[in-house]
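> sequence and computational prediction follow.
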Amino acid sequence: MSNPILRIQLLRKLWVHLTPREMFGISPPDKVQRSGQPLGDVRRKELTHLLQIEKQLHELRRDISSQQASFTATDKESTKDVAYSQFIDFQHADSEKVMRLPDIDKMLSNADDLTRYESLERLLRLQKLYLLTERIILGIELNEIDKGPLDRRWFNRWKLNACEISNGPLQQLWARILVRELRNSGSCSLKALGYLSGFSIEDAGNLNRLASWALGDFVYRSALQALSGHYDSELFEKLEEHGIVRGVFGKVLSKALRSDSDQGFHATLIIADKRLNITSVQPRTELHVPAYMLTSVGRELLALVAPTVDQDYLDQVVQDLHARGMSVDVVENDADPSALQVC
């Protein structure tokens with residue numbers, strides 16, 4: 001049974017880590033509650049305002065860029081008929097018109113403007129992520145949470161990377177990983193954050209594909225390779241190079257499925273939204289199957305998404321287990337409702 005009080009505590013844990021300047025333009029839930037306004041109405045107004053500010057900022061930067069790229073009419077008239085060669089003599093030209101280079105004050109002013117615009121862009125992205133994180137928290141079932149503070153080094157690294165992400169689906173991943181860390185400090189390593197910082201939309205899609213094949217901490221290698229339209233050798237080579245899976249190059253690895261019963265054989269595997277109950281009347285302590293093994297970072301990343309199972313792959317897994325003398329019962333598995341699928 002979910003405890004709604006834990007949601008409130010988790011929300012407070014999120015907002016207590018934000019400084020007043022980081023919250024400038026958005027209100028913490030406690031302040032909204034004291035105002036007597038519905039949280040949903042306040043958040044819609046705030047998000048609309050953030051999007052308007054973002055639009056104004058983009059227009060402002062575009063206007064400045066167009067001004068810097070344009071020539072004055074005098075410059076155009078003085079150069080349109082020039083036949084350029086290796087050497088050009090400008091002895092009779094007005095050097096002030098030909099070479100209008102900015103002085104240090106204008107260069108500093110330009111640098112200040114760039115810094116201000118980029119800082120505001122990063123702040124807007126972070127604020128949208130905080131609101132998205134809050135929305136995820138309000139929609140999840142909680143039985144327990146880690147009430148300790150976020151590791152300051154981890155949270156600073158999260159903000160440093162997350163503020164550069166402007167793509168919606170990727171922002172969902174970054175919000176999701178913050179929720180996991182709020183719920184259980186230490187569940188996401190700095191190495192996983194570093195990998196996510198270089199994520200593209202294609203990488204996010206590949207993460208979902210891998211999650212649709214993962215049976216706990218491994219992918220059933222022979223079952224996947226039997227599906228010519230599903231198996232992508234280049235994808236798995238890339239995943240091993242990035243430290244997500246093992247067993248692509250070199251020696252073929254296997255996964256030992258250990259029986260949790262003294263009577264015959266029984267093991268349970270979770271794959272996406274399904275659960276496999278594997279049984280056999282023949283007494284045995286374990287069953288070895290060929291596998292791509294997920295690394296610790298791989299398991300952290302796959303925990304961020306909850307796709308549906310690849311049905312063709314699942315059928316092939318069941319068929320392979322049947323060939324090994326196993327009976328398999330496939331039932332529904334309740335996925336974590338806080339997980340967000342990235343399309």
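In hand now; what should we look at? All values reported here derive from a predicted model rather than from experimental measurement. Numbering: from 1, shown residues only.
> next, the buried residues of the longest helix that the chain contains.
Longest helix in the chain, counting residues (DSSP state H): helix 104-138. Of all the residues in helix 104-138, those buried under the rule 16 or more other Cβ atoms under 10 Å are 120-121, 123-130, 132-134, 136-138. (C-beta placed from N, C-alpha, C; glycine too.)
> and stretch 238-252, by the same measure?
Neighbour count says stretch 238-252 has 239-240, 244-248 buried, by 16+ other Cβ under 10 Å.
> ok now it, how far from the chain's centre?
From the chain centre to the centre of stretch 238-252 is a distance of 22 Å (Cα atoms, centre = their mean, to the nearest Å).
> all strands for the protein, in order.
Along the chain, counting by DSSP state E, strands occupy 214-215, 218-220, 245-246, 253-258, 265-271, 274-280, 286-294, 327-332.
> looking at those strands, which is buried most?
With neighbours defined as mean count of other Cβ atoms under 10 Å, those peak in mean count at strand 218-220, which reaches a mean of 25.
> tell me what that strand is packed against?
Judged by 3 or more Cβ pairs under 8 Å, 6 or more residues apart in numbering; DSSP states H and E, strand 218-220 is in contact with strand 286-294, helix 311-323.
> ok, which stretches of this structure are helices?
Secondary structure of the chain, counting by DSSP H: helices at 4-16, 29-35, 39-69, 73-79, 95-98, 104-138, 152-162, 168-183, 190-197, 201-211, 221-225, 233-241, 296-302, 311-323.
> pLDDT of the third one, averaged?
For helix 39-69, the per-residue pLDDT values average out at 83.
> please apply the same query to the first one.
The pLDDT scores in helix 4-16 average 91.
> may I have it as CSV, with CA atoms only?
This file holds the C-alpha atoms of helix 4-16, laid out as CSV (Å, rounded to 0.1, in the frame of the first residue of the first chain):
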residue,chain,number,x,y,z
PRO,A,4,0.8,9.5,0.3
ILE,A,5,2.8,11.2,3.1
LEU,A,6,6.0,9.9,1.5
ARG,A,7,5.2,11.8,-1.7
ILE,A,8,5.0,15.0,0.3
GLN,A,9,8.3,14.2,2.1
LEU,A,10,10.0,13.4,-1.2
LEU,A,11,8.8,16.7,-2.7
ARG,A,12,10.2,18.6,0.2
LYS,A,13,13.4,16.7,-0.2
LEU,A,14,13.6,17.9,-3.8
TRP,A,15,12.8,21.6,-3.1
VAL,A,16,15.0,21.9,0.0
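> what's the angle between it and helix 168-183?
Comparing the axes of helix 4-16 and helix 168-183 via axes from the mean of the first three to the mean of the last three Cα atoms, to 10 degrees yields an angle of 110 degrees.
> who's in contact with helix 4-16?
With Cβ atoms under 8 Å, 6 or more residues apart in numbering as the test, helix 4-16 has contacts from 23, 28-30, 130, 133-134, 137-138, 140, 142-145, 147, 149-150, 178, 182-183.
> among the residues you listed, name the buried ones.
Those of the contacts of helix 4-16 that meet the buried threshold are 28-29, 130, 133-134, 137-138, 140, 142, 145, 150, 178, 182-183, by 16+ other Cβ under 10 Å.
> and those as TSV, adding pLDDT and distance to residue 159?
Converted to TSV, the buried ones among the contacts of helix 4-16 look like this (pLDDT from 0 to 100; distance: Cβ to Cβ, whole Å):
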residue	pLDDT	distance to residue 159
28	91	17
29	91	20
130	96	10
133	95	12
134	95	16
137	93	18
138	92	22
140	88	22
142	86	24
145	89	21
150	92	11
178	95	10
182	94	14
183	93	18
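> for the longest helix of the chain, packing partners?
Using 3+ Cβ pairs under 8 Å, 6+ apart, helix 104-138 is in contact with helix 4-16, helix 39-69, helix 152-162, helix 168-183.
> how far off centre is it?
19 Å.
> returning to that earlier point: weakest of the helices of the chain in terms of mean pLDDT?
Here the lowest mean pLDDT among the helices of the chain goes to helix 73-79, at a mean of 46.
> quick one on the thing from earlier: tell me which of the helices and strands packed on helix 104-138 lies nearest to residue 324.
Among the helices and strands packed on helix 104-138, the nearest to residue 324 by Cβ to Cβ is helix 168-183 (35.1 Å).
> could you list every helix and strand in contact with the closest one?
Contacts defined by 3+ Cβ pairs under 8 Å, 6+ apart place helix 168-183 against helix 4-16, helix 104-138, helix 152-162, helix 190-197, helix 201-211.
> tell me which of those helices lies nearest to residue 318.
Evaluated with Cβ to Cβ, those place helix 201-211 nearest to residue 318, the distance being 18.8 Å.
> show me what counts as buried in the closest one.
Applying a neighbour-count criterion of 16+ other Cβ under 10 Å, one finds 203-204, 206-211 buried in helix 201-211.
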